Each structure stands twice: as structure tokens, then as C-alpha cells.
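Student: fold the following, please.
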Amino acid sequence: MIQVQRRKEPPPSLADQCRPFKEDVRHALNDDFFGKCYLCGGIASDSFDVEHLRPVCDFPGAEYSWQNLFPAHSRCNERRKRWSKEEREAQHKRWPRGGLLDCSSDDIDGRLKQEFITDATGAHARFQSSLTSDMPAANTANELNSIHSRDCFWGLQISILIGKRYSSVLTAYSRLSAAFQQAGRNWGDPSVLREQAALYSMLDKAAPYAGLMRNKMRTWLNPNWFQKLGL
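Tutor: Numbering: from 1, shown residues only. This is a model prediction of the structure:
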């Protein structure tokens with residue numbers, strides 16, 4: 001999950017309060033969220049559900065609120081949180097006590113720990129609140145852990161994609177390191193700038209799984225390098 005900047009003016013068709021949502025809503029969400037699912041961070045392009053962060057059954061006034069609409073893979077949307085028996089019987093998921101983080105307004109990097117390890121089968125992602133007292137972050141972490149759980153087919157597919165993405169990031173980092181050494185540790189060398197731009201593009205917010213990749217790199221990358229990458 002990454003923090004995004006949502007446009008202030010809602011798409012005009014929201015004023016008509018019609019469903020399904022019209023193309024201007026979908027285009028705006030696609031642009032503001034970099035064509036990605038706001039939950040797993042994978043590429044969604046035009047094939048995404050228009051998701052309500054706050055359930056309409058609990059917040060009927062938020063059905064057409066621009067601030068409450070998010071793009072999500074249909075399977076991520078379905079697995080946002082496993083339903084309890086009571087929720088299944090009521091046919092809707094309840095808004096959790098304490099709420100959830102809003103990636104278009106809350107400090108995601110500061111409040112949510114996003115970690116993963118890799119092995120031959122892919123990535124094992126884990127999310128947790130930075131502070132135990134932060135209920136919205138803890139609730140969000142629970143939902144993300146459910147989505148990324150490898151005990152289901154969809155979570156396993158995501159883990160494979162994250163593992164492949166991380167391998168590509170490491171390759172780009174190795175190329176930058178080699179170019180940096182060959183250029184006499186000169187950041188202004190054209191070959192270094194070229195490899196730097198390539199690695200930046202893989203860690204940019206618009207890149208797949210950017211939240212996980214950025215946090216992983218922060219754990220071992222030289223802080224000066226992170227600054228040089230503009231991250």
C-alpha cells in the first residue's frame with residue numbers, strides 16, 4: 001500500500017448519483033492511483049472494482065463520496081477481511097472498530113510497517129501497525145495480511161509476483177552499483193545516471209508493489225543512495 005494524492009475535485013458524474021459508476025470516475029481513480037489496486041499494489045489498469053472503503057451499509061451517505069472510492073482488484077476486494085459468521089449472515093462486512101487507514105490522506109509510511117521475505121516460492125509479506133495503539137493501522141494490517149495470505153490461490157499469486165518484482169529490483173540495483181564503481185563513484189557519469197533512472201522507475205510510487213519494495217530497500221540501502229534516488 002502506498003500513499004497517493006487524490007484530486008480535490010470529484011468527477012462530474014458523481015453528482016448524478018448513478019450506478020454503475022461512469023467512465024470519468026474510473027479514469028480519475030485509474031490516474032490518481034497509478035493504475036494499481038490500492039490494496040495489494042499490483043497493476044489493475046482498467047479492470048478494477050470501484051471499492052467503497054467505508055461500507056455503504058454502514059455509511060449510506062458515503063456511497064457517492066469521492067473520498068470513499070478506491071480502485072481494487074475484485075479478488076482483493078473480496079478478501080479485504082474474512083467474514084465472521086455474523087457478517088456472513090448479515091451479508092456485509094462491518095466497518096471495524098477504530099476504522100481503517102485511508103491511503104489518499106493518511107501517513108501510510110509512518111503508520112504501517114510493510115515487510116516481506118523471499119524464497120523459491122515467492123514472497124512472504126507481512127503488515128503491522130507501527131504503534132500498537134494505532135487501531136486504524138492495526139485494522140488495515142489485518143486486512144492486508146488476509147489479502148496476501150498464501151493459504152489461498154490469490155494470495156499465492158500475489159506472492160509470486162512480488163518475488164519476481166523484487167528480483168528485478170535487485171538486478172537494477174546491481175547494475176547501478178557496477179556502473180557507479182566503474183565510473184569512479186561519480187554520480188554525474190552518464191552510465192550511472194542511466195542506471196539510476198532505471199532503478200528509480202522500479203521504486204517510484206507508480207511501480208507495482210512500490211510500498212513493499214521501498215520499505216525493503218530502506219532496510220539495507222545506504223541512506224545517501226536513497227536520497228540520490230529521490231525517494
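Student: okay, CA-based contacts and neighbour counts for the rest of this
Tutor: Noted.
Student: roughly how far apart are the residue in the chain sticking out farthest from the centre and S174?
Tutor: The outermost residue of the chain, judged against the average C-alpha position, is G184 (36.7 Å), by Cα atoms, centre = their mean. Using Cα to Cα, to the nearest Å, G184 is found at 16 Å from S174.
Student: follow-up on the earlier one: measure the residue farthest from the centre of the chain to R165 for me?
Tutor: G184 sits at a distance of 29 Å from R165 (criterion: Cα to Cα).
Student: returning to that earlier point: the residue farthest from the centre of the chain and V192, how far apart?
Tutor: Distance, G184 to V192, by Cα to Cα: 10 Å.
Student: repeat for K93
Tutor: 50 Å.
Student: okay, those two: which has more neighbours?
Tutor: Counting neighbours by other Cα atoms under 10 Å for K93 and for V192 shows that V192 has the greater number, 22 against 19.
Student: identify the residues contacting that one.
Tutor: L176, A179, F180, A183, N186 (Cα atoms under 8 Å, 6 or more residues apart in numbering).
Student: is it true that the third one touches G188?
Tutor: No: the criterion here is Cα atoms under 8 Å, and F180 misses it with G188 at 9.5 Å.
Student: which residue of these two possesses the greater neighbour count?
Tutor: F180 (20 against 11).
Student: helix or strand for the more buried one, which one?
Tutor: helix 153-182 (DSSP states H and E).
Student: mind listing the helices for the protein?
Tutor: Along the chain, counting by DSSP state H, helices occupy 23-32, 74-78, 85-90, 108-111, 135-147, 153-182, 190-203, 210-218, 223-228.
Student: what about P190, neighbour count?
Tutor: So P190, with other Cα under 10 Å, has 12 neighbours.
Student: can you read off the pLDDT for it?
Tutor: We have a pLDDT of 96 for P190.
Student: show the pLDDT at S105.
Tutor: pLDDT, S105: 96.
Student: then N222?
Tutor: pLDDT for N222: 77.
Student: report the contact partners of it.
Tutor: With Cα under 8 Å, 6+ apart, N222 has no contacts at all.
Student: before we move on, what about P10?
Tutor: W66.
Student: need the contact partners of stretch 201-211.
Tutor: 1-2, 33-36, 40-43, 109, 114, 162, 165, 169, 213-214, 231.
Student: try it again with 6 Å
Tutor: Contact partners of stretch 201-211, identified using Cα atoms under 6 Å, 6 or more residues apart in numbering, comprise M1, I2, F34, G41, G42.
Student: could you count how many residues lie near the second one?
Tutor: The number of residues packed around I2, counting by other Cα under 10 Å, is 23.
Student: mind pulling the model confidence for the residue lying closest to D106 once chain neighbours are set aside?
Tutor: Sequence neighbours aside, Q3 is the residue nearest to D106 in space, at 7.2 Å (criterion: Cα to Cα, 6 or more residues apart in numbering). Note for Q3: predicted pLDDT of 94.
Student: do you know how far Q3 is from G98?
Tutor: Counting by Cα to Cα, the separation of Q3 from G98 is 20 Å.
Student: who has more neighbours, those two?
Tutor: Set Q3 next to G98 and count neighbours by other Cα under 10 Å: Q3 wins out with 17 against 12.
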